[in-house]
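S.K.: what follows is a predicted protein model with its sequence.
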Amino acid sequence: DVKVTQSSRYLVKRTGEKVFLECVQDMDHENMFWYRQDPGLGLRLIYFSYDVKMKEKGDIPEGYSVSREKKERFSLILESASTNQTSMYLCASSFWFVGQAQETQYFGPGTRLLVL
Amino acid sequence: KQEVTQIPAALSVPEGENLVLNCSFTDSAIYNLQWFRQDPGKGLTSLLLIQSSQREQTSGRLNASLDKSSGRSTLYIAASQPGDSATYLCAVSYTGGFKTIFGAGTRLFVKA
């Protein structure tokens, strides 16, 4: 069965802290994604990765960085957490077919982050 | 600008009713369109995926249609049940890119 797991369901951090969100998939997918979801705004792409050590900025990369050292693991890093980064963070993965767009994305359960 | 809009934002119906959720997209050159379900505080679960060459897809009580020329998709839910209560999101992918654009979702509440 397809599985994407995220390290924490709920996190509370203080302003200025460095925050690590981990995502692991067991489907050997090439693509991995980090989104944030806010009421009324839908899902917004922060970063994605199409291969190990490869990363591309999404729509809202400011204040975030990512790391992909292994194919199955994609980490989102908040270098210095701020209150406006309080949100639901969703990780996803998908296969990639050369010359085409991606197919179905599989999502993790999400991490609800509160920055005080 | 590529955008996906879902109307209504929220919907409440009595159990047993058939209902339609709407999705519209501004750029009709899509590769595929997906409908997802999201339960409160959870991740997204894919319900149906329609390729650009297809007109509809069906799974159980769910039927999704696609009209590329008008930039619209609908998700039809037959004989709704309280367990169908969730947020339904529409997402569009375009050829040659990794970007999937999501709508803000329709929050559905089915009353017993």
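M.R.: Now that the structure is in, tell me what you want to look at.

S.K.: for the chain, which segments count as strands?
M.R.: Here I'm looking at chain A. A:4-6, A:10-13, A:19-25, A:31-38, A:42-51, A:54-57, A:64-70, A:73-78, A:87-94, A:106-107, A:111-115 (DSSP state E).

S.K.: I was after chain B.
M.R.: B:4-7, B:10-14, B:19-25, B:30-38, B:44-51, B:56-59, B:62-67, B:72-77, B:86-94, B:100-102, B:106-111.

S.K.: what does the average pLDDT come to for the second one?
M.R.: This points to strand B:10-14. In this model, strand B:10-14 has a mean pLDDT of 95.

S.K.: in that strand, what's buried?
M.R.: Using 16 or more other Cβ atoms under 10 Å in any protein chain shown as the test for burial, strand B:10-14 gives B:Leu11, B:Val13. To be clear about C-beta, it is placed using only N, CA and C from the backbone, and glycine gets the same treatment.

S.K.: and the helix or strand of chain B with the lowest mean pLDDT, how far from the chain's centre?
M.R.: Sorting the helices and strands of chain B by mean pLDDT, DSSP states H and E puts strand B:100-102 at the bottom, at a mean of 89. Centroid displacement of strand B:100-102 relative to its chain, using Cα atoms, centre = their mean, to the nearest Å, is 12 Å.

S.K.: mind listing what B:Arg107 touches?
M.R.: Going by Cβ atoms under 8 Å, 6 or more residues apart in numbering or on different chains, B:Arg107 touches B:Ala9, B:Ala10, B:Leu11, B:Ala86, B:Thr87.

S.K.: before we move on, the earlier item: what's next to the least confident helix or strand of chain B, contact-wise?
M.R.: Counting by Cβ under 8 Å, 6+ apart, A:42-43, A:45, A:102, A:105, B:2-4, B:25, B:34, B:89-94 sit against strand B:100-102.

S.K.: what residue ranges in the chain score low on pLDDT?
M.R.: In the absence of a named chain, this looks at chain A. Applying pLDDT under 70 to chain A flags the ranges A:1-2, A:96-103.

S.K.: oops, I was thinking of chain B
M.R.: Checking chain B against pLDDT under 70 turns up B:95-98.

S.K.: got the residues of it near chain A?
M.R.: Within chain B, the positions adjacent to chain A are B:4, B:31-32, B:34, B:36, B:41-46, B:49, B:89, B:91, B:93-100, B:102-105 by Cβ under 8 Å from any Cβ of the partner chain.

S.K.: mind checking which of those residues are buried?
M.R.: Listed as buried from the residues of chain B next to chain A are B:4, B:31-32, B:34, B:36, B:42-44, B:46, B:49, B:89, B:91, B:93-94, B:98-100, B:102-105; burial here means 16+ other Cβ under 10 Å.

S.K.: in stretch B:68-84, what's buried?
M.R.: Quick answer for stretch B:68-84 (16+ other Cβ under 10 Å): B:Lys68, B:Gly71, B:Ser73, B:Thr74, B:Leu75, B:Ile77, B:Ser80, B:Asp84.

S.K.: just give the closest residue to A:Val66, not the sequence neighbours.
M.R.: Leaving aside its chain neighbours, A:Val66 sits nearest to A:Tyr47 (4.4 Å; criterion: Cβ to Cβ, 6 or more residues apart in numbering or on different chains).
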